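A.B. asks: The following comprises the amino acid sequence and a computationally predicted model.
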Amino acid sequence: MEVIIITQARVGSTRLPGKVLKKINNQSLLQIHLSRLKKSKLASKIIVATTFEEGVEQIVEIGKVMSVDVFQGSTDDVLDRFFQSVKEYAPDYVVRVTSDCPLIDANLIDQVIDLTINNELDYAANILKELYPDGQDVEVVSFNTLKRAWEEAKLQSDREHVTPFIRRNTDFMGGDLFKAQNLDCIKNYNQIRMTVDEQADFDAMETLINDLGLNETWETYTQHILKHPDRFKNQSIFRNEGYLKSLEKEK
C-alpha cells in the first residue's frame, strides 16, 4: 500500500498572517510540523500543498530544506489543489493534515492509516466524532474517493475544505457513497486546543514547546494543558471557525 501525506500550507491567513512561518526557538511552525510528520512509519511521502501567493517562496524553501515535495495550486479551491498535488502518484491512500497543527502526532496518523487499510475503508478519521484535541486532526482517504470528490463536489465550502463532501456521503454520516469509520478516543479531549489560528494560539504553542519540547505524544501535551489551565489562554477559542464561516457564506 502506498500512502502519501498531504499537508496544506499557505502564507495568507486572515486571523494570523504568515502563521506557519512564525518561529519558536528558531524553527518555523511548518518545520516543526514536517519534522513530526516524518515520524510516520506507514507513509512513504510528504507533499506540502501550497499556493502562488506573495511570500510563498518561504514555504517552498522550507520544503526544500526539509526534503519534502512542494506543490503550488489554487488558493480558494483547496480540493483541487489537494487532488492535483497527488494526482501523478495515484497512491492507494492519502492522509490529510494541515500545517497550522505543528504538534500533530505521527503515531495517531499511523493509527488512522491502519484503521483504513485493515477495514478496507474509503475514508477514516479521528474527527467524525470530535474527541481528540483540536490540532490533532487526521483524515485518511482512498485516492479513488478523493478523485470522486474532486469530480463531483460543487459547493464552495466543499471545495475550500477538501473533505466535507466525502464525510457527508459516508455510511458513518448516513450516506451511501463511501465506507467510513472513526478512530475513537477513550475520553473526550475536544476542549483542548493545539492548533494555531490566532496570536493567543501561537503564544500557547510557544509555552507548550518551551515547557515540554518537540517530541512528546499528543497525550503528554494534553495532560500538560489540563494541569496548567492558567498558562494556556487560548482554550476557549471556537473550533472549526473557518469551515463555519464558509457555510455561513453559502446561506
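C.D. replies: Great, that's in hand.

A.B. asks: Helices along the stretch 51-200 of the chain, start to end?
C.D. replies: Using DSSP state H, counting those that start in this stretch, the helices of the stretch 51-200 of the chain run over residues 57-65, 78-86, 106-118, 143-152, 156-161, 164-168, 199-212.

A.B. asks: closest to N26 out of these?
C.D. replies: Proximity to N26, assessed across those by C-beta to C-beta, is greatest for helix 199-212 (11.7 Å). Just so you know, the C-beta spots here come from the backbone N, C-alpha and C atoms, and that holds for glycine as well.

A.B. asks: what ranges do the strands span in this structure?
C.D. replies: For the chain, the strands defined by DSSP state E occupy 3-8, 23-24, 27-28, 45-50, 69-72, 93-98, 123-125, 139-142, 180-182.

A.B. asks: how far is the third one from where the chain is centred?
C.D. replies: What that stands for is strand 27-28. 18 Å (C-alpha atoms, centre = their mean, to the nearest Å).

A.B. asks: Adjacent strands (with direction) for it?
C.D. replies: Note on strand 27-28: by DSSP bridges, its sheet partners are strand 23-24 (antiparallel).

A.B. asks: which regions of the stretch 151-251 of the chain sit below the pLDDT cut-off?
C.D. replies: 240-251 (pLDDT under 70).

A.B. asks: let's go with 90 and repeat that
C.D. replies: Residue ranges of the stretch 151-251 of the chain with pLDDT under 90: 236, 238-251.

A.B. asks: go on, the stretch 1-150 of the chain?
C.D. replies: 12-15.

A.B. asks: now the strands of the chain as JSON lines including distance to Y132 and mean neighbour count?
C.D. replies: Below are the strands of the chain laid out as JSON lines (distance: least, C-beta to C-beta, whole Å; neighbours: other C-beta atoms under 10 Å):
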{"stretch": "strand 3-8", "distance to Y132": "17", "mean neighbour count": "23"}
{"stretch": "strand 23-24", "distance to Y132": "22", "mean neighbour count": "15"}
{"stretch": "strand 27-28", "distance to Y132": "24", "mean neighbour count": "18"}
{"stretch": "strand 45-50", "distance to Y132": "21", "mean neighbour count": "23"}
{"stretch": "strand 69-72", "distance to Y132": "27", "mean neighbour count": "18"}
{"stretch": "strand 93-98", "distance to Y132": "13", "mean neighbour count": "24"}
{"stretch": "strand 123-125", "distance to Y132": "10", "mean neighbour count": "28"}
{"stretch": "strand 139-142", "distance to Y132": "12", "mean neighbour count": "25"}
{"stretch": "strand 180-182", "distance to Y132": "10", "mean neighbour count": "20"}
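
A.B. asks: These: which one's closest to R239?
C.D. replies: Proximity to R239 (C-beta to C-beta) singles out strand 93-98 among those, at 13.2 Å.

A.B. asks: In the sheet, which strands lie alongside the closest one, parallel or antiparallel?
C.D. replies: strand 3-8 (parallel), strand 139-142 (antiparallel).

A.B. asks: Same list, the helices of the stretch 51-200 of the chain, but as TSV with mean neighbour count and distance to Y221 please.
C.D. replies: As requested, those are arranged in TSV below (neighbours: other C-beta atoms under 10 Å; distance: least, C-beta to C-beta, whole Å):
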stretch	mean neighbour count	distance to Y221
helix 57-65	16	23
helix 78-86	21	27
helix 106-118	19	12
helix 143-152	18	30
helix 156-161	19	25
helix 164-168	21	26
helix 199-212	18	6
